[in-house]
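Peer 1: sharing a sequence plus its predicted fold:
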Amino acid sequence: MKWLRISSALTGIAACSLVLVQVAPHAREAGAILAARDDPAALSELKLDAALAHNDRLVQDNIEAALAAGDGDLADSFVTLAHDRNIALPDDLLSRVSDAVKTENSTSHFARRFATGLVTGNADDVASLSGTVAGDLFVIGDIRDVVREGKHLAMGEDTDRLVLGLATAGLAVTAVTYVSAGGAAPVRAGLTLVKDARKVGRLGEGLAAWAGRSAREVVDTPMLQNAVASGSVLRPGETVSAIKAAFRVEKAGALVRLGKDVTRVAEKTGTRGAMDTLRIAEGPKDVARAARLAEAQGGKTRAIMKLLGRGALLLIGGAFDLTLWLLGAALTLFGLLSSIKATTERLTQAWCDRRRRRRLRRARLAADAALANTAVTA
């Protein structure tokens with residue numbers, strides 16, 4: 001029975017050691033991810049390690065897909081990621097990416113996209129954004145949007161209140177930009193990007209809902225309707241003054257912060273990177289995290305967000321599973337230590353029992369010898 005107890009304890013050590021060897025890597029990874037949950041840059045690096053470990057052609061396939069979609073900027077972002085990760089790419093693929101980037105940055109392409117952004121107010125790259133921002137800085141774009149959406153509102157038609165609120169906020173910020181000699185330009189550009197993302201359907205549902213609520217708070221609807229009723233793009237000075245009066249500056253703090261964060265992303269990743277962020281973001285906190293990620297990862301950011309989606313910004317979905325890995329590892333380690341303790345105790349007890357028996361046997365032999373000597377003497 002004694003040796004059976006020792007054998008069971010040794011079996012426990014072997015079993016727990018085997019399980020711990022299997023669980024420990026997952027638990028270590030889970031611990032690192034949970035520790036990095038508030039650091040988008042560190043979190044994205046850990047998730048990239050896992051994604052790239054399972055598919056060695058992941059980067060190359062995404063470059064091919066980006067080139068097929070005519071997105072040279074995204075393809076170049078993946079090339080930057082490949083260089084950072086020491087991933088070898090074919091020379092012909094690198095050449096195609098270089099040609100695509102040159103085409104996108106050519107003067108003729110920039111001029112064409114600038115004109116498109118200026119006239120339509122829609123932006124999906126640096127050139128068209130430049131045109132859109134130019135239009136908004138000269139108040140034409142924002143007046144156009146406010147007048148159009150404001151008249152829809154006045155006539156009881158479907159109104160995009162988010163575009164209406166962002167355009168109204170943009171007019172007020174533009175005035176500040178002129179007064180501060182460009183100091184508010186980053187906010188202006190950020191609000192324009194949010195507005196453009198909404199127009200082309202690339203604003204995340206959660207972020208759109210939040211921005212819509214914020215936009216409603218900054219606009220005095222009755223006053224805006226009166227301003228729109230008499231407003232016109234042909235009378236920008238009068239129209240801007242009337243619309244600005246409907247803007248509640250004290251309620252605009254959240255939108256201003258959003259505009260700043262969007263601009264921070266655009267400065268590091270380009271317009272398309274900012275658009276990608278607005279598409280996956282569920283709220284302003286996601287955009288703030290994306291700004292931190294962009295500042296840390298630079299040109300790799302678009303590739304990272306393409307591979308990981310919103311998971312590049314925060315820990316989603318797997319926190320419970322990660323916690324289970326840690327709990328499993330902790331329980332297995334506890335079992336191992338308990339088995340070692342039990343084995344040590346039982347081996348020690350067996351050794352002590354053996355020594356006790358040997359002492360008793362020697363004592364009995366000594367006593368028998370003493371009795372024998374006594375009998376002989378008698």
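Peer 2: That came through fine. Residues are numbered from 1 along each chain as shown.

Peer 1: and residue 302, how close does it get to residue 202?
Peer 2: 14 Å (C-beta to C-beta, to the nearest Å). All C-beta atoms are positioned from the backbone trio N, CA, C, and that covers glycine.

Peer 1: what about the two, which has more around it?
Peer 2: Neighbours per residue, other C-beta atoms under 10 Å: of residue 302 and residue 202, the larger number sits with residue 302, 29 against 17.

Peer 1: nearest spatial neighbour of the more buried one, skipping sequence neighbours?
Peer 2: Nearest residue to residue 302 in three dimensions, chain neighbours excluded: residue 77, at 3.9 Å (C-beta to C-beta, 6 or more residues apart in numbering).

Peer 1: give me the number of residues near that neighbour?
Peer 2: Neighbours around residue 77, by other C-beta under 10 Å: 30.

Peer 1: where does this structure have its least confident helix or strand?
Peer 2: Least confident element among the helices and strands of the chain, by mean pLDDT, DSSP states H and E: helix 126-137 (a mean of 56).

Peer 1: quick revisit: which strands or helices does the host helix or strand of the residue nearest to residue 302 pack on?
Peer 2: Element membership of residue 77 [criterion: DSSP states H and E] is helix 72-84. Secondary structure elements in contact with helix 72-84, counted by 3 or more C-beta pairs under 8 Å, 6 or more residues apart in numbering; DSSP states H and E, are helix 58-68, helix 91-104, helix 271-280, helix 301-308.

Peer 1: state the pLDDT value of the residue nearest to the spatial centre of the chain.
Peer 2: Ranked by distance to the mean C-alpha position of the chain (C-alpha atoms, centre = their mean), the top residue is residue 313 at 0.9 Å. In this model, residue 313 is scored at 82, pLDDT.

Peer 1: if I look at it, how far off is residue 285?
Peer 2: Noted for residue 313: a distance of 9 Å to residue 285, by C-beta to C-beta.

Peer 1: with residue 90 instead?
Peer 2: From residue 90 across to residue 285, the span is 40 Å (C-beta to C-beta).

Peer 1: measure how buried the nearest residue to residue 61 once chain neighbours are set aside is and give me the count.
Peer 2: Nearest in space to residue 61, with sequence neighbours left out and distances taken as C-beta to C-beta, 6+ apart, is residue 55 at 7.9 Å. Residues lying near residue 55 (other C-beta under 10 Å) number 10.

Peer 1: ok, residue 55 to residue 310 distance?
Peer 2: Taking C-beta to C-beta, one finds residue 55 at 20 Å from residue 310.

Peer 1: ok, now residue 203?
Peer 2: From residue 203 to residue 310 the distance is 14 Å (C-beta to C-beta).

Peer 1: please apply the same query to residue 218.
Peer 2: Distance, residue 218 to residue 310, using C-beta to C-beta: 27 Å.

Peer 1: who touches the helix holding residue 77?
Peer 2: With contact meaning C-beta atoms under 8 Å, 6 or more residues apart in numbering, helix 72-84 is reached by 59-60, 62-63, 66-67, 87-89, 94, 97, 100-101, 103-104, 125, 269-270, 272-273, 298-304, 306.
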